[in-house]
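Chemist: Need a 3D model of the following:
(chains A, B, C and D)
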Protein chains: 2
Amino acid sequence: MQTKDRIEARAKIFKALSHPSRVYIIEELIKGERCICEFAELLNVDKSTVSKHFAILKEARIINTDKQGTSVICSLRMPCIKNFFCCTEEILKE
Amino acid sequence: MQTKDRIEARAKIFKALSHPSRVYIIEELIKGERCICEFAELLNVDKSTVSKHFAILKEARIINTDKQGTSVICSLRMPCIKNFFCCTEEILKE
DNA sequence: TATAAAGATTTAAATTATTTAATACACGAG
DNA sequence: CTCGTGTATTAAATAATTTAAATCTTTATA
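Modeler: Next up is the predicted model:
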């Protein structure tokens, strides 16, 4: 299977999106840029947990990060993900 | 958070797609209907493992199943998933 | 009818991966 | 220096994956 690497890379993207906290983060980033610092309170988890979630999203190249002073501002690197979130709506409605 | 259920349901869809074998299955189903019986050999895994993968995809309502005789024929229930696979291409190319 | 086969699922157990918070550390701003 | 923000590492709990064996279902056939 010559396409093995491509399939694994694709699975990795989905895996990065497979946790409720990370889905929530992406839904917020669809609306616009956000600081990592906001999410510990929003998600009600430890800052180290938030850091780990963002690291996973960044490693999968789903988001971009931009260090501004002591903060890190994040944005969507994969804007078409928005369309897929719409796509899932049909199923979620049932 | 009133949208908690929706976010968890969405994460579940991504989780169902987060395994290389299941990505491969979906890529095949994008091309057309297939029998479950083909995949043990294609994926080189036990038939019970294949059954489990299909159960996960069905439970997430990504595929439909249709029993025909002793076989089960599967098809995509979420055709728009194809667009998302295209969307990931940009990232995979890098 | 009886029964064997092919295809699919379930169960249980072992293995492997993920999630989380705690701790410690790094860095820039004031 | 101190505070706010973020990262790295570790350890413990939880969850996912895999396979073999047992069990179903349906069809074909003696």
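
Chemist: and residue A:64, backbone torsions?
Modeler: phi -110, psi 150 (degrees, to the nearest 10).

Chemist: Pull the contacting residues for it.
Modeler: Residue A:64 makes contact with A:58, A:74, A:75, A:76, A:77 under the criterion Cβ atoms under 8 Å, 6 or more residues apart in numbering or on different chains. To be clear about C-beta, it is placed using only N, CA and C from the backbone, and glycine gets the same treatment.

Chemist: Just give me the closest of those residues to chain B.
Modeler: Closest to chain B out of the contacts of residue A:64 is residue A:77 (7.7 Å), distances taken as Cβ to the nearest Cβ.

Chemist: Sort out which residues of the helix or strand of chain A with the lowest mean pLDDT are buried, please.
Modeler: Least confident helix or strand of chain A, by mean pLDDT, DSSP states H and E, is helix A:81-93 with a mean of 84. Using 16 or more other Cβ atoms under 10 Å in any protein chain shown as the test for burial, helix A:81-93 gives A:81, A:84, A:85, A:87, A:88, A:91.

Chemist: what's the span of stretch A:67-78, first residue to last?
Modeler: 19 Å (Cα to Cα, to the nearest Å).

Chemist: Could you pull up the mean pLDDT of it?
Modeler: Mean per-residue pLDDT for stretch A:67-78: 95.

Chemist: Enumerate the residues of chain A near chain B.
Modeler: Applying Cβ under 8 Å from any Cβ of the partner chain, we find that chain A lies next to chain B at A:4, A:6-15, A:17-20, A:22-24, A:27, A:61-62, A:77-78, A:80-81, A:83-85, A:87-88, A:90-92, A:94.
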